[in-house]
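**Q** the sequence and its predicted three-dimensional model are supplied below.
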Amino acid sequence: MATQLDALKRHSVVVADTGDIDAVARWKPQDATTNPSLLLTSAQDSRYRPLVEDALERGKGQAEPTLEWLFVLFGREILKHAPGRVSTEVDARLSFDTARTIAKARRFIELYAEAGVPRDRVLIKVSTTWEGIRAAEQLEREGIHCNMTLLFSFAQAVASAEAGVTLISPFVGRIYDWHKAARKVDDIALEEDPGVASVARIYRYYKKFGYATQVMGASFRKTGQILALAGCDLLTIAPDLLSKLAAAEGGVERRLSPEEARRHALDKVSLDEPAYRWQHNEDAMAVDKLAEGIRRFDADARKLEQFVLSLVEQRRAAA
């Protein structure tokens, strides 16, 4: 009998949310996503020491180029096991700097090209701030495709679609976490899950009004959240939840579809900067989680930097 994972793949593109290359090889997803937190774990894994050594060689004794190469080499290795795209994240410290976000994205694309990976197999992950959205808009015009991360509000989703970005990653689990804490409960039923409802709303809005931007549900806490969004364009799933889906037998009902979306009575929205900032500000959860997410990604990026810097210094001392 087919597993839930097999059944889910008939409705949505399954993406592996990991920096673990062996996990990607095992699950054989279409795409894969990475971030500094995931890469920090993988870079410290002895299985991937040759990739780290390669990055050190290419970085020529400098910390920042070594770090850039680390992202690119892990991305290239992941793409050996995933036929689609890999997402590589811009430093969270650039979340409010449009020009530097654009420069860093171009740098990643240059390094991927040098490593033999064409730009159509790379998504640049950008924080969904107003400045990040403007950077992504320019990058898309240059043929550099973007994945908007740390997305929690409907305003962020609307502004991203209007900017013509390739893909957005609304964070189901972190929305769920915030509301669970706010309500002081241990769980929220799926039919009331605000994270699931947020992604469904965005998906229906995009399909209703013909936006090409794809929706990739992300940051899941349990398999029920994933199955409740079957039919979403893409779903990025951590290895532990992939294992649970692969171990469960049974079919999966499609919950989202363009046809279903077009039946909803929805109003079209257009947001300039003041309207975007106001509407995003009205969503207390989104304000909290965006700020927290940027801080957390920055903290892990700094840990990764310190790890790389220590390796660089060790090589200098041994030279």
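**A** Received, thanks.
**Q** averaged pLDDT, stretch 265-279. What do you get?
**A** Taken as a whole, stretch 265-279 has an average pLDDT of 96.
**Q** what's it in contact with?
**A** For stretch 265-279, the surrounding residues in contact (Cβ atoms under 8 Å, 6 or more residues apart in numbering) are 130, 153-155, 158-159, 162, 204-205, 208-209. To be clear about C-beta, it is placed using only N, CA and C from the backbone, and glycine gets the same treatment.
**Q** check the offset of it from the chain's centre.
**A** 23 Å (Cα atoms, centre = their mean, to the nearest Å).
**Q** buried residues in that stretch?
**A** 269, 271, 276, 279 (16 or more other Cβ atoms under 10 Å).
**Q** tell me which element the first one is part of?
**A** Per DSSP states H and E, residue 269 falls between elements, in no helix or strand.
**Q** got a winner among the contacts of stretch 265-279 for most neighbours?
**A** For those, neighbours were counted using other Cβ atoms under 10 Å, and residue 159 has the most, 31 neighbours in all.
**Q** that one sits in which helix or strand?
**A** Here residue 159 is assigned to helix 154-162, by DSSP H and E.
**Q** send over that helix as PDB, restricted to the C-alpha atoms.
**A** Taking C-alpha atoms only, helix 154-162 is exported to PDB below (Å, rounded to 0.1, in the frame of the first residue of the first chain):
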ATOM      1  CA  PHE A 154      -0.900  38.400   4.600                       C
ATOM      2  CA  ALA A 155       0.700  41.800   3.900                       C
ATOM      3  CA  GLN A 156       4.100  40.200   3.300                       C
ATOM      4  CA  ALA A 157       2.500  37.600   1.000                       C
ATOM      5  CA  VAL A 158       0.600  40.300  -1.100                       C
ATOM      6  CA  ALA A 159       3.700  42.500  -1.400                       C
ATOM      7  CA  SER A 160       5.900  39.600  -2.500                       C
ATOM      8  CA  ALA A 161       3.400  38.600  -5.200                       C
ATOM      9  CA  GLU A 162       3.100  42.100  -6.500                       C
END
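**Q** starting at the chain centroid, how far to it?
**A** Helix 154-162 has its average C-alpha position 16 Å from the chain's average C-alpha position, going by Cα atoms, centre = their mean.
**Q** again with stretch 219-228
**A** 16 Å.
**Q** what segments of the stretch 151-300 of the chain are strands?
**A** Defined through DSSP state E, counting those that start in this stretch, the strands belonging to the stretch 151-300 of the chain, from first to last, are 167-170, 214-217, 234-237.
**Q** out of those strands, which is closest to residue 80?
**A** Residue 80 lies closest to strand 234-237 among those, at 18.8 Å (Cβ to Cβ).
**Q** just checking, what packs against that closest one?
**A** Secondary structure elements in contact with strand 234-237, counted by 3 or more Cβ pairs under 8 Å, 6 or more residues apart in numbering; DSSP states H and E, are strand 13-17, strand 31-33, strand 214-217.
**Q** rank those strands by pLDDT, which is bottom?
**A** Comparing mean pLDDT across the helices and strands packed on strand 234-237, the lowest value falls on strand 31-33: a mean of 92.
**Q** now what about that one, what contacts it?
**A** Counting by Cβ under 8 Å, 6+ apart, strand 31-33 makes contact with 13, 15-18, 24, 78-79, 82, 84-87, 123, 125, 147, 169, 218, 234, 236, all of which sit outside it.
**Q** repeat the analysis, applying 6 Å as the threshold.
**A** Strand 31-33 is touched from outside by 15-17, 24, 78, 82, 84-87, 236, with contacts defined as Cβ atoms under 6 Å, 6 or more residues apart in numbering.
**Q** swap in stretch 227-247?
**A** The list of residues contacting stretch 227-247 from outside it, by Cβ under 6 Å, 6+ apart, reads 3-5, 8, 11-13, 15, 17-18, 23, 27, 33, 190, 196, 199, 203, 214-218, 220, 223, 226, 252, 254-257.
**Q** dump that stretch to CSV, keeping only the CA atoms.
**A** Once side chains and other backbone atoms are set aside, the C-alpha atoms of stretch 227-247 remain, and they are given as CSV (Å, rounded to 0.1, in the frame of the first residue of the first chain):
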residue,chain,number,x,y,z
LEU,A,227,-1.6,16.9,5.2
ALA,A,228,-4.1,19.7,5.8
LEU,A,229,-2.2,21.7,3.1
ALA,A,230,-2.0,18.9,0.5
GLY,A,231,-2.3,20.6,-2.9
CYS,A,232,-0.2,23.6,-1.9
ASP,A,233,2.4,24.3,-4.6
LEU,A,234,5.3,23.0,-2.5
LEU,A,235,5.8,21.8,1.0
THR,A,236,9.2,21.9,2.7
ILE,A,237,9.5,19.2,5.3
ALA,A,238,12.2,18.3,7.9
PRO,A,239,13.6,14.8,7.8
ASP,A,240,11.8,13.6,11.0
LEU,A,241,8.4,14.5,9.5
LEU,A,242,9.4,12.9,6.2
SER,A,243,10.1,9.7,8.1
LYS,A,244,6.7,9.8,9.8
LEU,A,245,4.9,10.3,6.5
ALA,A,246,6.9,7.5,4.8
ALA,A,247,6.0,5.2,7.7
